[in-house]
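Novice: One predicted model, sequence on top.
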Amino acid sequence: MLVTAAFLLDSSLAVASPWPGGSETSIPITGATADLSGATWNPVSQSLWVVRQNRQLWEYGYDLGTGSFVLLRTLVLPGGIGIGGDIEACAQVDHSAADEIYLLSETQGRIARVTNIGGTPTVHAVWNLEVTNNGYALPPETPGGIGAEGLEFVPDAQLLTAGFRFPDGSAFTGSTKGMGGLMFVGHQLEGRLHVFDLNPETSDDFINHGSFLTAADEIAGLHFDRTTGRMFVWHNSSIGNSLEISILSSNASVGRIDTINLFDSAMPSGNLEGIAVVDQAACGEFGASDSDRLLFMTRDAESPNLVYFAGFPCYGIGANVPALSPWGRLGVLLLLLCVAGLHRRRASVDPS
């Protein structure tokens, strides 16, 4: 009883669990023996996008006939997304607009929106995040290569449902720059999750809302499942790989996201950097069993470098953990203590 009460009092203290996704299956990819860095899943087109640090972009789709993922197209993106070619992550804002993609350059701390990727790819806007804005600045890449590695967009509706608050604890009532949500950047420095409100039409028009602490001291990849409101935070730290799942609340501690699941043993091995997950609405599809879904990962400079895990569970991933306020958790704790006390009193007078 007291263990349950303690968990509810601090929902960031999720019990660590072993990897649930099973073994990996490789997807052949040409021209990416090294530097494969980011991935994102589009549930509308039902396709996987994969990016390499040198600005190459691949799109994969599932072939029912062969029961495997096949290459749909390969693109080379414009140089304006980042000098030096160190593109570490990709994300899509409007899944119905499959002809555009957002990229993250680690060397410059820059997000770029690329449109018309089916024709002549064009850099529509860029946001240089290392400049001081609203009192915050994204930390630059260190000489040792520690920098920004994860990128993901979360719509306003899911943030409001989760009771999202900004890292300083202030209330979130909706984004203000026209994107309809917030962009999250995962950084290898201190494992911080940085929060940005971007104007999708105008370069360098954004608000930096600061950053959250997470369950580890490094972030290598991000994925948000809009069907469940869960953020998947992939950690590729010096002490080993781990996967943290959050609803992006920060009820347990201001400035730290609540962790509702943490997988940190029997993990997939290697320098895994990018993560993408089939949405829960597609549970049992693309070769997965009825209760499972696919989780994709990219592995840098190791083989195989593009893989998926078909055994990742569809349900039970933090689905029943409530996002309680501090007063709500205190009330639950007091209620549980009262129930425990009542149980002890009854036991003391029960002759059996």
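Specialist: Received, thanks.
Novice: what's the burial count for Ser96?
Specialist: 9 (other Cβ atoms under 10 Å). Any C-beta I mention is one placed from the backbone N, CA and C, and that applies to glycine too.
Novice: how about it, what does it touch?
Specialist: Val44 (Cβ atoms under 8 Å, 6 or more residues apart in numbering).
Novice: does it count as helix, strand or coil?
Specialist: Following DSSP: H, G, I helix; E, B strand; the rest coil, the label given to Ser96 is coil.
Novice: which intervals of this structure have sub-threshold pLDDT?
Specialist: 1-14, 33, 82-85, 316-352 (pLDDT under 70).
Novice: Residues touching stretch 158-178, excluding its own?
Specialist: With Cβ under 8 Å, 6+ apart as the criterion, stretch 158-178 contacts 156, 181-182, 195, 197-201, 205-207, 209-212, 224, 226, 229, 247-251, 254-255, 323, 325.
Novice: Recalculate using a threshold of 6 Å.
Specialist: The contact list for stretch 158-178 (Cβ atoms under 6 Å, 6 or more residues apart in numbering) reads 156, 181-182, 197-200, 209-212, 229, 247-250, 254-255, 323.
Novice: For that stretch, measure first residue to last.
Specialist: Using Cα to Cα, to the nearest Å, one end of stretch 158-178 lies 16 Å from the other.
Novice: how far away is the nearest residue to Phe184 once chain neighbours are set aside from Asp290?
Specialist: In space, and not counting its chain neighbours, Phe184 is closest to Glu152: 5.0 Å by Cβ to Cβ, 6 or more residues apart in numbering. Applying Cβ to Cβ, to the nearest Å, the value for Glu152 to Asp290 is 27 Å.
Novice: Among the two, which residue is more densely surrounded?
Specialist: Glu152 (27 against 8).
Novice: In its sheet, which strands sit next to the helix or strand hosting that one, and in what direction?
Specialist: Using DSSP states H and E, Glu152 sits within strand 148-155. Using DSSP bridges, the strands paired with strand 148-155 are strand 181-187 (antiparallel).
Novice: hang on, the earlier thing: need the buried ones from the contacts of stretch 158-178 selected in ChimeraX.
Specialist: Buried members of those, defined by 16 or more other Cβ atoms under 10 Å, are picked up in ChimeraX with:
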select :156,181,182,197,198,199,200,209,210,211,212,229,247,248,249,250,323
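Novice: Among the contacts of stretch 158-178, which lie within strands?
Specialist: 181-182, 197-198, 209-212 (DSSP state E).
Novice: got TSV for these, with distance to Ser303 too?
Specialist: Output for the ones in strands among the contacts of stretch 158-178, formatted as TSV (distance: Cβ to Cβ, whole Å):
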residue	distance to Ser303
Gly181	36
Leu182	36
Asp197	39
Leu198	36
His209	39
Gly210	39
Ser211	34
Phe212	34
